[in-house]
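A.B. asks: what shape does this take:
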Amino acid sequence: MRDRERAERIRLAGGPKPSLRERAVALAREKGEVRTCDLTDIGIPRCYLARMCDEGLLIKVGYGIYRAADQDAV
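C.D. replies: Okay, the predicted model is just below:
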């Protein structure tokens, strides 16, 4: 019963929340390059950044600077 109620609440709220990875990549795509503090400001833990680079989602451009992996370098 609780699962059905939870699913209904999510549906009424407009769907599930984006994951931390999705939020980080979306911000990087929007801004072009993001700093570590930009990502921590939206709730992304710093320990996720290295993992996301290993997974190929983000590319570390410089010290504390990242961009989405699917974007061309400027």
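
A.B. asks: what's the neighbour count on residue 25?
C.D. replies: 22 (other Cβ atoms under 10 Å). Bear in mind the C-beta positions are built from the backbone N, C-alpha and C, glycine included.

A.B. asks: please, which helix or strand holds it?
C.D. replies: Residue 25 belongs to helix 20-31 when assigned by DSSP states H and E.

A.B. asks: what does residue 43 give?
C.D. replies: Assessed by DSSP H and E, residue 43 sits outside every helix and strand.

A.B. asks: likewise for residue 48?
C.D. replies: For residue 48, the host element (DSSP H and E) is helix 47-54.

A.B. asks: and that helix, what's buried?
C.D. replies: 48-49, 52 (16 or more other Cβ atoms under 10 Å).

A.B. asks: run the angle between it and helix 20-31 for me.
C.D. replies: If you take axes from the mean of the first three to the mean of the last three Cα atoms, to 10 degrees, helix 47-54 sits at 70 degrees to helix 20-31.

A.B. asks: kindly export the helix holding residue 25 (C-alpha atoms) in PDB.
C.D. replies: Output of helix 20-31 as PDB, limited to C-alpha atoms (Å, rounded to 0.1, in the frame of the first residue of the first chain):
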ATOM      1  CA  LEU A  20      22.600  13.700  -8.400                       C
ATOM      2  CA  ARG A  21      24.400  12.700 -11.600                       C
ATOM      3  CA  GLU A  22      21.700  14.000 -13.800                       C
ATOM      4  CA  ARG A  23      21.600  17.300 -11.900                       C
ATOM      5  CA  ALA A  24      25.400  17.700 -12.200                       C
ATOM      6  CA  VAL A  25      25.500  16.900 -15.900                       C
ATOM      7  CA  ALA A  26      22.600  19.200 -16.600                       C
ATOM      8  CA  LEU A  27      24.300  22.100 -14.800                       C
ATOM      9  CA  ALA A  28      27.600  21.500 -16.600                       C
ATOM     10  CA  ARG A  29      25.700  21.500 -20.000                       C
ATOM     11  CA  GLU A  30      23.900  24.700 -19.100                       C
ATOM     12  CA  LYS A  31      26.900  26.600 -17.900                       C
END
